[in-house]
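*Asks:* Got a predicted model here, sequence first, then my questions.
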Amino acid sequence: MSSAKIIEKNRKIEAELIACILPMIDSQEYTDISIREICERIGITTGKFYRHFRTKTDLLTICVDQKTTHLLDEIEGELGGKALDEQLKLLTLAAFKASLMLGPDGIIRFFNGDSKDPVGSCRVSRGILVDRITNCIHRNRPDLDTEAQRIADALVVLLKGVSFEWYTKAHEGNKSFDPVVCLEEMLDYCLPSLLKRRQ
């Protein structure tokens, strides 16, 4: 088999795995299903799975990264004509909504960059969001160029804080906590001071 055919076959297997797991994430079935069951659903061996991913959390990370990129791409089309604080709010909310599919337990592990668990590495999703935020600042407020990275880092910390609060509330049995509403309120409160303070 030629190299091009092998590469195409590998891409197809990865796409099938991602397509198979996305509905499981949405239904929270993901945490209970084994790699063997995932492989059986798409008709591959576990060996083929391990040629592409070390663990099912590696697969999950790719799913979140793809969803993050997709939602940020959609939002960027709606940013024109909006104030910078509103643009940053929309970008941050879009990235957060991509990770909501993990649920409160998964999101806390996903955002915990110090974890030895492979899912504890959200560098790609974080990098995608940071790049979009800094580019947005550069386009709208060149006078904030030197502060763009710090503003982006502050927004990522805010995402982590809301994620931790969601995790905590869920484990306290508080089902009424809405992490998206909480994040919206925090962004409304923090963004004006983040941008004003650095002018």
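*Replies:* The structure has been received and is ready for your questions.
*Asks:* Could you measure from L187 over to R11?
*Replies:* According to C-beta to C-beta, to the nearest Å, L187 and R11 sit 37 Å apart. C-beta coordinates here come from the backbone N, C-alpha and C atoms, glycine included.
*Asks:* For L159, see how far away G127 is.
*Replies:* From G127 to L159 the distance is 13 Å (C-beta to C-beta).
*Asks:* neighbour count winner among those two?
*Replies:* Neighbours were counted for G127 and for L159 using other C-beta atoms under 10 Å; L159 has more, 25 against 12.
*Asks:* measure the nearest residue to I33 once chain neighbours are set aside to T68 for me?
*Replies:* Take I33 and drop its neighbours on the chain: the residue closest to it by C-beta to C-beta, 6 or more residues apart in numbering is M24, 6.0 Å away. Noted for M24: a distance of 18 Å to T68, by C-beta to C-beta.
*Asks:* Please identify which of the two sits among more neighbours.
*Replies:* When neighbours are counted by other C-beta under 10 Å, T68 comes out ahead of the other of M24 and T68, with 24 against 20.
*Asks:* Surely the more buried one and R126 touch.
*Replies:* No: with contact taken as C-beta atoms under 8 Å, T68 and R126 are classed as non-touching, separated by 9.1 Å.
*Asks:* low pLDDT regions in the protein?
*Replies:* Using pLDDT under 70 as the threshold, the predicted model of the chain has low-confidence ranges 1, 25-31, 109-124, 197-199.
*Asks:* rewinding a little: more neighbours: which of L187 and R11?
*Replies:* Just comparing L187 and R11: by other C-beta under 10 Å the higher neighbour count belongs to L187, 23 against 11.
*Asks:* how close does the more buried one sit to E78?
*Replies:* For L187 relative to E78 (C-beta to C-beta), the value is 16 Å.
*Asks:* Outline the domain layout of this protein.
*Replies:* Under the assignment automatic domain parsing, the domains of the chain span 1-53, 56-197.
*Asks:* Tell me how far the longest one lies from the chain's centre.
*Replies:* Same thing as domain 56-197. With C-alpha atoms, centre = their mean, to the nearest Å as the basis, the distance from the averaged C-alpha position of domain 56-197 to the chain average is 7 Å.
*Asks:* now swap in the shortest one and tell me
*Replies:* Averaged C-alpha coordinates place domain 1-53 at 20 Å from its chain's average position (C-alpha atoms, centre = their mean).
*Asks:* Single out the most deeply packed of the domains of the chain.
*Replies:* When you average the neighbours per residue for each of the domains of the chain (mean count of other C-beta atoms under 10 Å), domain 56-197 leads with a mean of 17.
*Asks:* in this protein, which spans are helices?
*Replies:* Counting by DSSP state H, one finds helices in the chain at the ranges 3-26, 35-42, 46-52, 56-76, 84-99, 103-111, 123-140, 148-171, 179-197.
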